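[1] A predicted structure for the sequence below; I have some questions about it.
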Amino acid sequence: MIDTPPYRQIGTDDARTGGLLCVADHASNFVPDDIRLGIDAELLGDHIAVDIGVEAIAVSLALEHGIPAHIATVSRLVCDLHRKEDEAAVVPSESDGHLIPGNIGADLATRLDRIHRPYHRALGALIARLQPRLILALHSFTPSLATGDEQRPWEVGLLYNQDDRAARHAIRLFADQGLTVGDNQPYSGKQLNATMDCHAEAHGIPYCTVEIRQDQIDTAAGQARWATLLADVMGRVALEV
């Protein structure tokens, strides 16, 4: 059984209200000892298990830039925290061409009770306490998918569903840095925005769902650069919304 919560919070104890908050749903590749996914161990270092580079950035934002962070501590292959409870992909049986045999017939209710619900309850309570002015939902994406060789040209993407007010400012500010910026690319927040739909849009809180291309942040230097860039851009976005 999981003996620790499916999340950790950094920089939240003394965080001021009305500031920024970072959320990282896919920051970990940890699989509890009692869950057998039935996959090659090497895949736990792949993007299907974890958003590469995101954990280090979230930690840096909290410790070095004063932006508290709520960070997942369980792999998306065990329970995808960025999916709604009734979505099939919340406990995925396949990802980017890889079968996850241990999840076929898995006890969905137990996974939700152990991982999904505690994670989101804690995030909801944190948001209620801190009343953030802006939420940064942090993810990363591959330069291309294994199931297709089409290259993704965007260095960073901003995803949104109905509320695009913060994303519009961020798209402009990242472009001003000379970056190629995706507008609801490489994924669309119209379909993939579960955490922010629940915790931001439903409560009228501005947010930026930021997807960084993994070759930008697969080194410590890249992670440090992007933590600084995010702190600057998100700070400026927060002043505009």
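    That came through fine.

[2] how far out from the middle of the chain is the longest helix anywhere in the chain?
    Longest helix of the chain, by residue count under DSSP state H: helix 220-240. Here helix 220-240 is found 15 Å from its chain centre; the criterion is Cα atoms, centre = their mean, to the nearest Å.

[3] Check which helices and strands it sits against.
    Under the contact criterion of 3 or more Cβ pairs under 8 Å, 6 or more residues apart in numbering; DSSP states H and E, helix 220-240 touches strand 20-24, helix 54-64, strand 134-141, helix 165-176, strand 207-213. C-betas here are computed from N, CA, C, even on glycine.

[4] after the second one comes which helix or strand?
    Right, the one you point to is helix 54-64. Following helix 54-64 in sequence order, the next helix or strand is strand 69-72 (DSSP states H and E).

[5] That next one pairs with which strands?
    strand 7-10 (antiparallel), strand 20-24 (parallel) (DSSP bridges).

[6] L108: which of the ones you listed is closest?
    Distance to L108, taken as Cβ to Cβ, is lowest for strand 7-10 among the strands paired with strand 69-72, at 19.6 Å.

[7] From V210, how far out is the residue of the chain positioned farthest from its centre?
    Distance from the centre of the chain peaks at G105, with 26.2 Å (Cα atoms, centre = their mean). With distances taken as Cβ to Cβ, to the nearest Å, G105 is found 35 Å from V210.

[8] Same check on L138?
    On the measure of Cβ to Cβ, L138 and V210 end up 6 Å apart.

[9] what's the overlap in contacts for these two?
    Listed as contacting both L138 and V210 by Cβ atoms under 8 Å, 6 or more residues apart in numbering are L230.

[10] For the two, indicate the residue with more neighbours.
    Legend: neighbour count by other Cβ atoms under 10 Å for L138 and V210, higher for L138 (28 against 24).

[11] quick one: the more buried one and V23 touch, right?
    Yes - at 6.9 Å, L138 counts as touching V23 under the criterion of Cβ atoms under 8 Å.

[12] In this protein, where is pLDDT below threshold?
    Applying pLDDT under 70 to the chain flags residues 1-3, 145-149.

[13] switch to 90 and redo it
    Applying pLDDT under 90 to the chain picks out residues 1-4, 96-97, 144-151.

[14] still on that earlier bit, can you tell me which of the strands paired with strand 69-72 comes nearest to L43?
    Across the strands paired with strand 69-72, closest to L43 is strand 20-24 (Cβ to Cβ), at 20.1 Å.

[15] What is the burial count for the closest residue to Y7 other than its chain neighbours?
    Nearest residue to Y7, sequence neighbours excluded (Cβ to Cβ, 6 or more residues apart in numbering): Y119, at 5.0 Å. Using other Cβ under 10 Å, the number of residues around Y119 comes to 21.

[16] Check L99 too.
    L99 has 13 neighbours, counted by other Cβ under 10 Å.

[17] quick one: it and S93 touch, right?
    Yes - taking Cβ under 8 Å as the definition, L99 is a contact partner of S93 at 7.0 Å.

[18] if you compare the helices and strands packed on helix 220-240, which one is most tucked away?
    Of all those, strand 20-24 carries the top mean neighbour count, a mean of 28, counting by mean count of other Cβ atoms under 10 Å.

[19] D86 and L112: what is the separation?
    To L112, D86 is 10 Å away according to Cβ to Cβ.

[20] Of the two, give the one with the bigger neighbour count.
    A count of neighbours by other Cβ under 10 Å puts L112 above the other of D86 and L112, at 17 against 8.

[21] so what's the more buried one closest to, chain neighbours aside?
    In space, and not counting its chain neighbours, L112 is closest to E85: 5.8 Å by Cβ to Cβ, 6+ apart.

[22] Near that neighbour, how many other residues are there?
    With other Cβ under 10 Å as criterion, E85 counts 14.
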